[in-house]
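Engineer: Quick check, what structure comes out for this input:
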Amino acid sequence: MDAATLGAVGTIVVGLAAAAAALIGHRGANAASQSGVVITGSLGLVNELQEERDKLRERLVENERLLAAAYAELASERADKTALHGQITTLTAENTRLRERIVELGGQPT
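Structural biologist: Take a look at the predicted model:
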C-alpha cells in the first residue's frame, strides 16, 4: 500500500469514528434533554399536587369552622328547648292550681 491509499483509509476511519462519536453524543444529549423534560414534568405534577393539597386543607379548615358553628347553634337550641320545657311545666302546674282554686271558689274550670 502506498501512502495515498493509507491516507485515504485513515481519513475514512477517522470520519467513521467522528460520525460514531457524534451519534453517541447526540443520543446522550437526547437522553439528557428527555431527562430534563421528565424532571420538569415531575416538578409540575408535584406543584399541582401541593396546590390541590393546600386547597383541600383550606376547605377542611372552613368545614371545621362551619361544623363548630353548627354544634354551637344546636347547643343553643337545646338550651332554648330545655328552657321552653321548663316554662311549659311551670305554666301547666300553674294552670292546674288555678283550675283547682276556681273550683274551690265555686266556679267551673274552663
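
Engineer: Report pLDDT for the residue positioned nearest the centre of the chain.
Structural biologist: The chain has Leu56 as the residue nearest its centroid, 2.1 Å off, counting by Cα atoms, centre = their mean. We have a pLDDT of 96 for Leu56.

Engineer: roughly how far apart are it and Asn63?
Structural biologist: Distance of Leu56 to Asn63, given as Cβ to Cβ, to the nearest Å: 10 Å. For glycine as for every other residue, the C-beta is placed from the backbone atoms N, C-alpha and C.

Engineer: again, but for Glu100
Structural biologist: For Glu100, the distance to Asn63 - Cβ to Cβ - is 55 Å.

Engineer: Ok, Arg57 next?
Structural biologist: 11 Å.

Engineer: So what's the gap between the host helix or strand of Ala21 and the chain middle?
Structural biologist: Element membership for Ala21, per DSSP states H and E: helix 3-104. Centroid displacement of helix 3-104 relative to its chain, using Cα atoms, centre = their mean, to the nearest Å, is 3 Å.

Engineer: Point out the other helices and strands that that helix packs with.
Structural biologist: Under the contact criterion of 3 or more Cβ pairs under 8 Å, 6 or more residues apart in numbering; DSSP states H and E, helix 3-104 touches no helix or strand at all.

Engineer: Now Gln108: phi and psi?
Structural biologist: The phi/psi pair for Gln108 (degrees, to the nearest 10) reads phi -110, psi 130.

Engineer: neighbours around the residue nearest to it when sequence neighbours are not counted, how many?
Structural biologist: Leaving out its chain neighbours, the residue that sits closest to Gln108 by Cβ to Cβ, 6 or more residues apart in numbering is Ile102, at 7.3 Å. Neighbour count for Ile102, taken as other Cβ atoms under 10 Å: 13.

Engineer: these two touch, right, Ile102 and Pro109?
Structural biologist: Yes - if you go by Cβ atoms under 8 Å, Ile102 and Pro109 touch, sitting 5.2 Å apart.
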